[in-house]
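Colleague: Attaching a predicted model along with its sequence, questions to come.
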Amino acid sequence: MPGEPKRRHSKARKRTRRAAIKLAVNFVLCKNCGKPTKPHIVCADCGFYAGKAVSKPKVQVVKT
């Protein structure tokens, strides 16, 4: 006879558990620079989202 849960799990707890099942992120290519980025996220390299400039690209500081 299998064990049964004592109490009901909340929606947040259930969704958190189910979200952990798929942790692999599919990457998409940025339409502006062509580098792989996460979907629905501003490109970290060029600062574009859906073909529009959203933020300024980050400048790398080079120490000499």
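Modeller: Arrived safely. Owing to the predicted nature of the structure, the values given are computational and were not obtained by experimental measurement.
Colleague: Pull out the buried residues from the host helix or strand of T16.
Modeller: Assigned by DSSP states H and E, T16 falls within helix 11-19. Neighbour-count burial for helix 11-19, counted by 16 or more other CB atoms under 10 Å, picks out no residue. (Glycine included, C-beta is placed from N, CA and C.)
Colleague: Give me the contacts around that helix.
Modeller: H9 (CB atoms under 8 Å, 6 or more residues apart in numbering).
Colleague: Report the mean per-residue pLDDT for that helix.
Modeller: Throughout helix 11-19, pLDDT has a mean value of 89.
Colleague: so after it, what's the next helix or strand?
Modeller: Immediately after helix 11-19, counting by DSSP H and E, sits strand 28-29.
Colleague: who does that next one pair up with?
Modeller: Here strand 28-29 has these sheet partners by DSSP bridges: strand 36-37 (antiparallel).
Colleague: quick one: the partner strand to chain centroid distance?
Modeller: Remark: strand 36-37 is offset 11 Å from the chain centroid, using CA atoms, centre = their mean, to the nearest Å.
Colleague: And the contacts of it?
Modeller: F27, V28, L29, C30, C43, A44, D45.
Colleague: contacting residues for the fourth one?
Modeller: Taking CB under 8 Å, 6+ apart, we find C30 in contact with P36, T37, C43, D45, C46, F48.
Colleague: Can you tell me how far the spatially most central residue of the chain is from F27?
Modeller: By CA atoms, centre = their mean, the chain has its centre lying nearest to K38, at 5.4 Å. Distance, K38 to F27, using CB to CB, to the nearest Å: 7 Å.
Colleague: just to revisit the earlier point, now the buried members of the contacts of strand 36-37.
Modeller: Buried among those by 16+ other CB under 10 Å: C30, C43.
Colleague: In a markdown table, list the contacts of strand 36-37 along with pLDDT and distance to A19.
Modeller: Shown next, in a markdown table, are the contacts of strand 36-37 (pLDDT from 0 to 100; distance: CB to CB, whole Å):
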| residue | pLDDT | distance to A19 |
| --- | --- | --- |
| F27 | 90 | 18 |
| V28 | 90 | 20 |
| L29 | 91 | 25 |
| C30 | 90 | 25 |
| C43 | 89 | 24 |
| A44 | 85 | 23 |
| D45 | 84 | 27 |
